[in-house]
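*Asks:* Here's my sequence, what's the structure:
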Amino acid sequence: MLDYDTEADRYDASRGGVRRAEAAARAVLGLLPPDVRTLLDVGCGTGLVSARISRPGLRVAGADASPGMLRLAAARLGGAVVLADARRLPFADGTLDAVSAVWLLHLLPDAAPVVAECARVLQPGGVLVATVDKDASHDADSDIDALLAPFRRPDASDGRALVAGHAARHGLRPCGGASFTGHGQGRSPRSAAAGLAHGACPSAIRVTEHQAASLAASLAALPDQDRPRPDPVYRLLALRKDV
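*Replies:* Residues are numbered from 1 along each chain as shown. Just a heads-up that it's a prediction; the model follows:
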């Protein structure tokens, strides 16, 4: 897991920057009903996406557990941020029209407590929008994917069916979905190997130290070491709380 306080100042540039954030924000907005007036972006990070989830009459706040990330988000969201664990949000039951969780659930060993907490703060009829199957979004039938496939966990914490199952236990039902391109996030063999060496490989990949060394050698043997493979296509799932 990254130290997000340390990574905060360089995080956006390493994650596709404004173009990727704009694509994510457009996709989230497309899943929000027109009467939504309040949205909490849980795991907002630097607020680069949160600040772009914008339309007339919509008030957006951000929540994150990293003070370093939240410092940047506060500047982008006019101070409308809160330092909080996503499993214990400082909002009363049923007070928000919508909650978003973009690139969050895949980082957790168990997404169930966060889904439950998002459901708690939503009012009846409110909507949760979350990215699902994050690591699988990189699968583009590339040579890198072929090497990583044997090490992919079948039980990613943000699997669509798993998240929908957690949500159903708290009165949330699927009501839509969307996808968007992760601009600038296509992996090259060299960047994939570097991520593996620094422990920043996809969260759904599990390798031993010996396997990591062997996989790094295989990645180093691929052609076009610095050519990015196709950008990932991320998926969003929208869930509405029972009235």
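*Asks:* Helices along this protein, start to end?
*Replies:* Listed in chain order, the helices of the chain (DSSP state H) span 4-11, 17-30, 67-76, 112-121, 143-148, 160-168, 189-197, 209-220.
*Asks:* Just tell me which of the ones you listed ends up closest to P90.
*Replies:* helix 112-121 (9.4 Å; C-beta to C-beta). Where C-beta positions appear, they are placed from N, C-alpha and C, glycine not excepted.
*Asks:* okay, which residue is most central for the protein?
*Replies:* W103 (0.5 Å; C-alpha atoms, centre = their mean).
*Asks:* My guess is it contacts K134. True?
*Replies:* Yes: taking C-beta atoms under 8 Å as the definition, W103 is a contact partner of K134 at 6.3 Å.
*Asks:* which residues do the two both contact?
*Replies:* Shared contacts of W103 and K134, defined by C-beta atoms under 8 Å, 6 or more residues apart in numbering, comprise Y234.
*Asks:* Where does pLDDT dip in the chain?
*Replies:* For the chain, residues meeting the criterion pLDDT under 70 lie at 1-2, 4-16, 199-204.
*Asks:* and with 80 instead?
*Replies:* 1-17, 138-140, 153-154, 197-205 (pLDDT under 80).
*Asks:* If you drop the residues flanking it in sequence, what lies closest to Y234?
*Replies:* Residue nearest to Y234 in three dimensions, not counting chain neighbours: S137, with 4.7 Å by C-beta to C-beta, 6 or more residues apart in numbering.
*Asks:* so the one you found makes contact with D231?
*Replies:* No: with contact defined as C-beta under 8 Å, S137 does not count as touching D231 (9.3 Å).
*Asks:* Give me the common contacts of the two.
*Replies:* In contact with both S137 and D231: G182, using C-beta under 8 Å, 6+ apart.
*Asks:* And these two? Which one has more around it.
*Replies:* S137 (22 against 19; other C-beta atoms under 10 Å).
*Asks:* From P232, how far off is that one?
*Replies:* Going from S137 to P232 by C-beta to C-beta, to the nearest Å gives 4 Å.
*Asks:* Check L40 too.
*Replies:* 25 Å.
*Asks:* Between these two, point out the one with more neighbours.
*Replies:* Ranked by neighbour count (other C-beta under 10 Å), L40 and P232 place L40 first, with 26 against 23.
*Asks:* contacting residues for the more buried one?
*Replies:* L40 neighbours (C-beta under 8 Å, 6+ apart): 60-63, 89, 91, 96, 98-100, 121.
*Asks:* could you dump the residues you listed to TSV with distance to R76 and neighbour count?
*Replies:* Formatted as TSV, these follow (distance: C-beta to C-beta, whole Å; neighbours: other C-beta atoms under 10 Å):
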residue	distance to R76	neighbour count
V60	10	24
A61	12	21
G62	8	28
A63	14	24
L89	20	20
F91	20	18
L96	20	23
A98	19	27
V99	18	29
S100	15	30
V121	22	21
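*Asks:* Now, those that are in strands?
*Replies:* 60-63, 96, 98-100 (DSSP state E).
*Asks:* Nearest residue to A61 in space, please, no chain neighbours.
*Replies:* Closest to A61 by C-beta to C-beta, 6+ apart is A80, at 4.2 Å.
*Asks:* how deep is the one you found tucked in, by neighbour count?
*Replies:* Using other C-beta under 10 Å, A80 has 18 neighbouring residues.
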